[in-house]
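Asks: Test case, fold it:
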Amino acid sequence: MSFYAVAVVSNIKTTTLMASRVWKTHRRSVAYIGGRSRVFPHLHIFIESTALQLIVESVLLALFCSNINAQYIVLESVVPIVGITFNVITIRIKLHFMTETLYQPTLSHLV
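Replies: Next up, the predicted model:
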């Protein structure tokens with residue numbers, strides 16, 4: 001049981017530390033960048049994706065503590081979900097970047 005509890009706590013701690021570091025860096029650099037922030041959509045995607053991993057780990061911990069055999073099904077899905085989570089982060093950030101550049105106004109009519 002302690003392994004699953006450590007995994008849940010570790011997930012919460014690392015996500016919080018990484019998100020706070022990005023936030024603090026953004027706050028310090030906001031004076032040097034102009035326009036809209038490009039950090040917050042990416043931070044939002046990161047937090048949503050890590051929430052998926054946290055939910056799976058929490059369900060696994062609850063099933064283990066309740067001694068329900070469904071824990072083995074969830075345990076087998078943890079590794080694929082980790083891979084899916086990292087791929088989802090990459091795909092969503094790329095899609096966000098593509099839509100951001102697609103709808104960005106151009107100055108070609110002034111030339």
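
Asks: And the pLDDT for the residue nearest the centre of the chain?
Replies: If you average the C-alpha coordinates of the chain and look for the closest C-alpha using Cα atoms, centre = their mean, you land on Phe46, 2.3 Å from that point. What the model reports as pLDDT for Phe46 is 86.

Asks: can you tell me how far it sits from Arg21?
Replies: Between Phe46 and Arg21 the distance is 11 Å, computed by Cβ to Cβ, to the nearest Å. For the C-beta atoms, the positions are set from N, CA and C on the backbone; glycine is no exception.

Asks: cool, and Leu95?
Replies: 24 Å.

Asks: And His96, by the same measure?
Replies: Here His96 is placed at a distance of 20 Å from Arg21 (Cβ to Cβ).

Asks: Please state the offset of stretch 54-72 from the chain centre?
Replies: Taking the mean C-alpha point of stretch 54-72 and that of its whole chain, the gap between them comes to 21 Å (Cα atoms, centre = their mean, to the nearest Å).

Asks: More neighbours: which of His96 and Arg21?
Replies: Using other Cβ atoms under 10 Å, the more surrounded residue of His96 and Arg21 is His96, with 15 against 10.

Asks: Nearest residue to that one in space, please, no chain neighbours.
Replies: Of all residues not flanking His96 in the chain, Pro41 sits nearest, at 5.4 Å (Cβ to Cβ, 6 or more residues apart in numbering).
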